[in-house]
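Participant: Provide a 3D model corresponding to the input given below.
(2 chains)
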Protein chains: 2
Amino acid sequence: MTQRPVFIVSDRSGVTAETICHTLLSQFPGIEFNQVSLPFIDNDEKARKVAEQIIDAGRSSGHKPLVFTTFVDEIFSSVLADTDAEIFDLFDPFINRMEMALGQRSSHQPGQSHGMANVVHYNQRIDAVNYAMHCDDGLHTRDYAKANVILLAASRSGKTPTCLYLALHFGFYAANYPLTEEDFERDQLPSPVLDNKDRVFGLTIDPKRLHQIRSERRPNSDYASLKRCQLDVISARRMFDRYDIPHCDSTNYSVEELGSTIKHRMGLQSSLY
Amino acid sequence: MTQRPVFIVSDRSGVTAETICHTLLSQFPGIEFNQVSLPFIDNDEKARKVAEQIIDAGRSSGHKPLVFTTFVDEIFSSVLADTDAEIFDLFDPFINRMEMALGQRSSHQPGQSHGMANVVHYNQRIDAVNYAMHCDDGLHTRDYAKANVILLAASRSGKTPTCLYLALHFGFYAANYPLTEEDFERDQLPSPVLDNKDRVFGLTIDPKRLHQIRSERRPNSDYASLKRCQLDVISARRMFDRYDIPHCDSTNYSVEELGSTIKHRMGLQSSLY
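Facilitator: Model (predicted):
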């Protein structure tokens, strides 16, 4: 069976439309989709080419294409309306009701969400990314005063991607510190972490999963052995309990879910929103 | 005037709902919103507490709260419906039409989008993040064979955050190489970059903006001087022209816009979608 053609058409980056579309399509797990993103469709000529592409895809696949758009300019919407595709205007159902509720017309300006509208916000995100890299994996612990959150976990439990996500997505200053055998032997938190304990969040992980991850990196090493992974995970958990550090299990969480959990549990507010 | 209360309520991470909400609210630039995210509302008791919180916010602000939800479980929706808030169910307007178009009921499973549904995809993202850090700033150029894209630009033109975004968001292997004075003097691409030219994308930037960014890092240095920034940007552009390297100006682009532009221009397909 041919794949069902799906188009995500936007006058800017299409990031919002892709996110929504991805979520909606995931509700239909049995169907195979052929997704094509067409960002930056910001003039009539591009819109007409997109319309042709959609019509072609409908013909060659034998399926009515699904088209997800976030156009705020109605001229583009009308070009797409002639394609005989199933059009989902992702903002249309809400904007009118919001205008009513807020007693104000919407600005109808494209790309307010992922654009450069606010250069201060932009700088903060970039600064936060630099900070996450600067304070990755236990580096530069003397700069923890600036951290919004310090992730603590045994090596390879998911700290680094989570910190980078917190920086990029929310603009948070997120450091991370790997708990090592040395820390476990001393059975106390390293002092830079202890000094900033109010902002520390711990990650645990299923030892089997940790064993799998470490084995990809250093196969057949003591570091990757299941026994060592079990010991590290147990020791980390004991440390979290002893110091009353909030923590969660990263095994079945995506980076986004970990990010939201940490933001929520640590009561962090993003200044980007 | 008090801020208008806005709640983003989700049974999972709320990432999708936050993205949509952020975009919708940005269409009303004159209004001040007080946004509260309430993720992981996955049982009746939590839902009832949320309802109370919404009612309280309505009373204390004197405004009818706006509530954005992505519940797939109708029980939670009905709890919120009793709050006298303005409820925006972000998927409801689309799911029924999609069911009709696709001839299939939706799964009504929460959190299919940012969850761990696919461990292979998850591993690829993490691997891509590790790769972006491993190949950041001209490191480990011998590993460029694995790259989906290699960003090329003068120092501080936005390469690193863009690579990390490409890795986290799309799972792309994104390396980056800083063009230095040495490269400009030789007036040719460094050989590891030249050997992988089909996957190279260039970033340019407004010299004044570059001057500003570099000055924050190394104030009053030659490196940060406007003259040096102008020279670096001109030299980089000349290099892109000479080798016919696709490029764009990062000055007025957000990380998301740069990511989408690069994906689009380089014809990259994310296997995560």
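Participant: so is the helix or strand of chain A with the lowest mean pLDDT next to chain B?
Facilitator: Least confident element among the helices and strands of chain A, by mean pLDDT, DSSP states H and E: helix A:74-81 (a mean of 81). No - shown here: helix A:74-81 not in contact with chain B (C-beta under 8 Å from any C-beta of the partner chain), separated by at least 14.1 Å. Every residue, glycine included, has its C-beta placed from N, CA and C.
Participant: same for that helix, what does it pack against?
Facilitator: When contacts are defined as 3 or more C-beta pairs under 8 Å, 6 or more residues apart in numbering or on different chains; DSSP states H and E, helix A:74-81 packs onto helix A:44-61, strand A:66-69, strand A:86-89.
Participant: distance of the nearest residue to residue A:181 once chain neighbours are set aside relative to chain B?
Facilitator: Take residue A:181 and drop its neighbours on the chain: the residue closest to it by C-beta to C-beta, 6 or more residues apart in numbering or on different chains is residue A:232, 7.9 Å away. Per C-beta to the nearest C-beta, to the nearest Å, residue A:232 is found 18 Å from chain B.
Participant: what of residue A:26?
Facilitator: Plainly put, residue A:26 is 3 Å away from chain B if you go by C-beta to the nearest C-beta.
Participant: for residue A:163, same thing?
Facilitator: 10 Å.
Participant: quick one: contacts for that residue?
Facilitator: Listed by C-beta atoms under 8 Å, 6 or more residues apart in numbering or on different chains, the contact set of residue A:163 reads A:132, A:135, A:136, A:151, A:174, A:175, A:176.
Participant: pick the one among the residues you listed closest to chain B.
Facilitator: For those, the residue nearest chain B by C-beta to the nearest C-beta is residue A:136; the value is 7.6 Å.
Participant: comparing the helices and strands packed on helix A:74-81, which comes out most buried?
Facilitator: Mean neighbours per residue, mean count of other C-beta atoms under 10 Å in any protein chain shown, is largest over those for strand A:66-69, with a mean of 25.
Participant: what residues does that one touch?
Facilitator: For strand A:66-69, the external contacting residues (C-beta under 8 Å, 6+ apart) are A:4-10, A:17, A:20-21, A:24, A:33, A:54, A:76-77, A:80, A:83, A:85-90, B:98, B:101-102.
Participant: parallel or antiparallel, list what pairs with it.
Facilitator: strand A:4-9 (parallel), strand A:86-89 (parallel) (DSSP bridges).
Participant: any chance of those strands in JSON lines with mean pLDDT as columns?
Facilitator: Listed next are these as JSON lines, based on pLDDT from 0 to 100:
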{"stretch": "strand A:4-9", "mean pLDDT": "95"}
{"stretch": "strand A:86-89", "mean pLDDT": "93"}
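Participant: quick one: closest of these to residue B:261.
Facilitator: Nearest of the strands paired with strand A:66-69 to residue B:261, taken as C-beta to C-beta: strand A:4-9 at 14.9 Å.
Participant: quick one: contacts of that closest one?
Facilitator: Counting by C-beta under 8 Å, 6+ apart, A:14, A:17-18, A:21, A:25, A:31-38, A:41, A:50, A:53-54, A:57-58, A:61, A:63, A:65-69, A:71, A:76, A:80, A:85, B:102 sit against strand A:4-9.
Participant: tell me the angle of it relative to helix A:74-81?
Facilitator: If you take axes from the mean of the first three to the mean of the last three C-alpha atoms, to 10 degrees, strand A:4-9 sits at 170 degrees to helix A:74-81.
Participant: now the element after strand A:4-9, going C-ward?
Facilitator: Later in the chain than strand A:4-9, the nearest helix or strand by DSSP states H and E is helix A:15-25.
Participant: mind giving me the packing neighbours of the helix or strand hosting residue A:128?
Facilitator: Residue A:128 is located in helix A:119-134, with elements delineated by DSSP H and E. Contact analysis of helix A:119-134 by 3+ C-beta pairs under 8 Å, 6+ apart lists helix A:159-165, strand A:174-179, helix B:159-165 as its packing neighbours.
Participant: alpha carbons of the last one, as PDB, please.
Facilitator: Written as PDB, here are the backbone C-alpha positions of helix B:159-165 (Å, rounded to 0.1, in the frame of the first residue of the first chain):
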ATOM      1  CA  LYS B 159      27.200  27.200  14.800                       C
ATOM      2  CA  THR B 160      27.200  25.300  18.100                       C
ATOM      3  CA  PRO B 161      23.500  26.000  19.200                       C
ATOM      4  CA  THR B 162      22.300  25.200  15.700                       C
ATOM      5  CA  CYS B 163      24.200  21.900  15.700                       C
ATOM      6  CA  LEU B 164      22.800  20.900  19.100                       C
ATOM      7  CA  TYR B 165      19.300  21.800  17.900                       C
END
